[in-house]
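S.K.: Provided below are the primary sequence and the corresponding predicted coordinates.
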Amino acid sequence: MLKTLIGRELLDNLMTFRFAAVLLITLLLVVANTVVLVQDYEQRLESYTGAIRTHYQELRAAKTYSTMAILVDRAPNPLSIFNVGLDKRLGNLVGIYHGFMPTLWNAQMHGTDNPFIAFFFSIDIVFIFEVVLSLMGLIFAYDAIAGERERGTLRLVLAQPIGRGQILLAKYISAMACLLVPLTLSLLFALLLLTRSIPLSTADFLRIAGIVFASFAYLSLFYLIGLLISVATRRTGTALMIAMFVWGFLILVYPNLIRATVNPGGDIQARIKIVENRIQQILDEYERERQKFLEKEGIAGETSEFSKALGLHSYAFVDPVTLMSYVENISLISEIHPEFEKYVPSAKRYYSFVEPLSARTVEKTWHIRKQALDEIYVKQAAMDRLLLKFSPVGVYDSATQAWAGTDLKGVRDFFHAARRYRKAVIDYLYAKEAMPSREWFIDDKGAVDWSTLPQFTFQRSNVATNAKRALPDMFLLLICNLVLFMAIVLIFIKSEV
Amino acid sequence: MWHITKREIYDNLNSLRFALTTVLLLALMVTNAVKHLREHPKRVQRYQDAVTESLNHLTDRADDSLYTLAQYGPGNFYKKPSLLHFCANGGESVLPDVVEVDKPPVFMTDAEGNRLLEGIWSLSYPDANLNNKDVGPNVSQVDWAFIIGYILSLIALWFTFDAFSGEREQGTLRLMLANSIPRHTVLIGKFLGALLSISIPFALAVLVNLLLISTASTVHLTTEAWGRLGIIFSLALLYTSLFVALGLLVSARVQQSAVSLMILLLTWVTLVVFMPSTLASIASSFSPATSFDEFWKQRNPIQENLWDKYKEGRSSKSVDRRLRAKSEFYTENAEREERWQEEQLKYRTSQVHRARAITSISPATLLQHLMARFAGTGFERHLQFVENTQRYARQLREFVADTDRADPESLHILGVREGMSKKPISPEAVPRFEDTLNLNRDFNTAAMELLLLTLFVLVLLSGAYLAFVRVEV
């Protein structure tokens, strides 16, 4: 009996105008946008490879260790085509230096050729789904029960020996089967276009499967919302009108209203000031130790001459916005005057003392800074995201971001890798005994050979991590589905025909 | 006809959708007003602080000497925040709000640090602010442009999707047409009825919004601002009538009102949500931007050319010739620097213009552009600001030349310490920068877009007429 019902419903749904319209529009939108998105991705990839090339050259151009300029770049995420998340917005270029801790707040952008183009809102496949799938779900559901009630066929169906829950189940299954057609077809087209120019790994396909699953849950959620309205109303006209209102509210009004009321700032300034002062104290201590060393070396009195001989510039400061502490000792000279040659042993001792000290100092400030950044910026952002999740759009968006790896955690993975790489570079410098060497500050006896420097590599987190990050939102979507379905069954059982 | 209109309005006033619409619009408009009241004073404060500082620079330099003023120029220029920021945000957060006055460059110093060869001030245009430090969700603006562009258009469809198909379903269409009313009268009556019944909650929400904003002590709306608000309100009505016409057109052609609403929604999604963004990304990927590096490369040959010219003049025996060579070097360097910056800006601007022109096919984008223009925000306003600063820069340079000419002790060689008047000048005499908005100009440049929007309305309205005339009951 269930089978007959499903078959009837399926036929009913498939042969309608709305099915054709929805299929056409989804296909059209997804294909048109995928073409553009792929092109955009390729442009970003090109600017990424270009940046890597120039940064490699810049590294080669540094003749001494103290003037080294290691810059690492974040590759664009191919899955940003599905959900761009923070992939395009956050910085994708950061320096690696022992006197500085790389974080996303210090990152810059490579390849922002025309920043004014950022003016235009850009969309991704998930955004299209957010709007179209929800509309589809509601359009297919609004007359499921109300329509039959109006036509009088509901009475007929209920006269048969089947439970009301089964009727709903049949309706649900057949409608979802129909709705899956545009969803999967458009995704197939998108994948076809994607794989033609972007090579995807197996892991990427698994992530895309996750996105598809989330889309499915989202679609089903809106179908159920429509069904709930349909069960609760007498007339299709009313059902449709309420469904449209709910759609407008959940998709358009609520997310925008919440995001507009998000209060950027608050009393951030005061909190930052406190942390800044603490970091400044650590930097002051560094400066004291440095001076002490100079005194011990017996060149404190001749410091200016020592500095001049080495072309030494020494800074230590903290940035009042991102709380970045930066400690640098750099020699900008191409030759040493013969009469200053006497300072060379001191210089070697100086650098082998001060560079490990600055690395340690920065690591010490990092503990304080990390906590503050998390508390001030990340927590606030997480709070804002939580508010967005009161609409299914927010849940769906963050679930797909987690799958695609374009969420905050995914982007921060890169900076974790950058910090690990910093550690590797420091270890390399120790292993090569670079700090007590002459090449640290001058290249007159041969420039630095950079070929043995460890390479920076960054692998996006594996699928299991993505799944783990997406899990809470996926779970929330499924629970909402379940609760709604049960509510609908309850209302339907209690309702009069 | 008035009878039909009146009937429509009464019908709508009692409906559920009218109540929901009123609540929705009120909530949005109140949020908008509260947000504006919270943020606008801060914006104004920031602007005033910046302007005061910049004016102090100007005064100090004028007090010092004409030469200092000629060399260092005025302080930075700041864009005046619009009073009508709540109407259309126009992407202001992306656009820079300053045109900087670059410090004179130093090319050569002697052993004691005395400047042998330097330059004079020049304008430089900062890039768009890319907020790549913000880890939160994308912040969106609930401005009037959003409320009208997205919500009001949806509401218009919501009110009209069953205008004819609903009556047909109920059988009242037959009744109405059996009377001796011509069909176009019915259509116009329906059109006006729908438009008016949407305008009532909208006008109410607008009134509450403006009441909140204008009674607050922190924000003061000028007469011109009220005029602009009037224009924006009529724009909203024009835009709404576009969607009312669309609703009537589809409703007349389609038998069932449910199908009609579905078609309308899909059309709306395409026109309002997808077309602007898809077209913009297509347009921007059409013309790849010249990268910063390439612009940098263009700059170097220019400078070398200038050097050669200066070296010729430097070796001259006459002091006057030497000073003149220096002066020429200074002014030309500044001019070239400015021209180079301007070209870069122009190139980027033309790219944005192209993208904007393509997206104008969508009425939603047309509305956004028009609203931003009349609210005094957005891209065009930014260009106007840049133009204002350029005009002022010319004016100031002329003023310096004229004042120098009036000083008999000066050699009239501009930009060089030895060749210029070193008398202090009264700061009051120096022209002040004023960032003005011109309503006339706004109208002129908006004419094309206004025409296009009106054309859309007319086409849809006549389409609805044709569809309704041919309809069989």
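M.R.: Thanks, I have it.

S.K.: From here on, just use CA atoms for contacts and neighbour counts.
M.R.: OK.

S.K.: what kind of secondary structure is B:Phe107 in?
M.R.: Secondary structure assignment for B:Phe107 (DSSP: H, G, I helix; E, B strand; the rest coil): strand.

S.K.: Is residue 390 in a helix, a strand, or coil?
M.R.: Picking chain A for this. Three-state call for A:Phe390 (three-state DSSP): coil.

S.K.: what pLDDT does it get?
M.R.: Per-residue pLDDT puts A:Phe390 at 91.

S.K.: Distance from the helix or strand where A:Leu59 lies to the middle of the chain?
M.R.: A:Leu59 is part of helix A:17-61, with elements assigned from DSSP states H and E. Taking C-alpha atoms, centre = their mean, to the nearest Å, the mean C-alpha location of helix A:17-61 is offset from the chain mean by 16 Å.

S.K.: helices or strands next to it in the packing?
M.R.: Applying 3 or more C-alpha pairs under 8 Å, 6 or more residues apart in numbering or on different chains; DSSP states H and E, one finds that helix A:17-61 contacts strand A:70-73, helix A:125-141, helix A:164-197, helix B:257-268, helix B:275-286.

S.K.: Could you tell me the least trusted of these?
M.R.: For these, where the average pLDDT is lowest is helix B:275-286, sitting at a mean of 75.

S.K.: and the angle from that one to helix A:17-61?
M.R.: For helix B:275-286 against helix A:17-61, the angle by axes from the mean of the first three to the mean of the last three C-alpha atoms, to 10 degrees is 40 degrees.

S.K.: Tell me where the model's unsure across the chain.
M.R.: Defaulting to chain A. A:111-114, A:118-119, A:121, A:262-266, A:300-303, A:497 (pLDDT under 70).

S.K.: looking at chain B here, not the other one
M.R.: In chain B (pLDDT under 70), the answer is B:110-113, B:131, B:139, B:284-304, B:473.

S.K.: So what does B:Phe77 look like in phi/psi?
M.R.: Dihedral pair for B:Phe77: phi -100, psi 140, per degrees, to the nearest 10.

S.K.: Hmm, it is touching B:Val51, no?
M.R.: Yes: if you go by C-alpha atoms under 8 Å, B:Phe77 and B:Val51 touch, sitting 7.4 Å apart.

S.K.: Same drill for the two, tell me which one is more crowded.
M.R.: B:Phe77 (24 against 19; other C-alpha atoms under 10 Å in any protein chain shown).

S.K.: ok, now which ones touch that one?
M.R.: By C-alpha atoms under 8 Å, 6 or more residues apart in numbering or on different chains, B:Phe77 lies in contact with B:Val51, B:Ser54, B:Val98, B:Val99, B:Glu100, B:Val101, B:Thr389, B:Phe433.

S.K.: rerun at 6 Å
M.R.: By C-alpha atoms under 6 Å, 6 or more residues apart in numbering or on different chains, B:Phe77 lies in contact with B:Val98, B:Val99.

S.K.: how near is it to chain A?
M.R.: Remark: distance between B:Phe77 and chain A (C-alpha to the nearest C-alpha, to the nearest Å) = 20 Å.

S.K.: can you tell me how far that residue sits from B:Phe385?
M.R.: 9 Å (C-alpha to C-alpha, to the nearest Å).

S.K.: How about the closest residue to chain B within the stretch 251-400 of chain A: what's its closest non-neighbour residue?
M.R.: Taking C-alpha to the nearest C-alpha, chain B has its nearest neighbour within the stretch 251-400 of chain A at A:Ala381, 4.1 Å off. Nearest residue to A:Ala381 in three dimensions, chain neighbours excluded: B:Gly136, at 4.1 Å (C-alpha to C-alpha, 6 or more residues apart in numbering or on different chains).

S.K.: same deal with B:Asp134?
M.R.: Spatial nearest neighbour of B:Asp134, excluding adjacent residues (C-alpha to C-alpha, 6+ apart): A:Leu90 at 7.5 Å.

S.K.: neighbours around that neighbour, how many?
M.R.: As a burial measure, A:Leu90 scores 22 neighbours (other C-alpha under 10 Å).

S.K.: for B:Leu212, same thing?
M.R.: Counted with other C-alpha under 10 Å, B:Leu212 comes out at 17.

S.K.: Tell me the buried residues in the helix or strand hosting it?
M.R.: Applying DSSP H and E as the criterion places B:Leu212 in helix B:183-215. Neighbour counts over helix B:183-215 (16 or more other C-alpha atoms under 10 Å in any protein chain shown) mark B:186-199, B:201-203, B:205-206, B:208-210, B:212-214 as buried.
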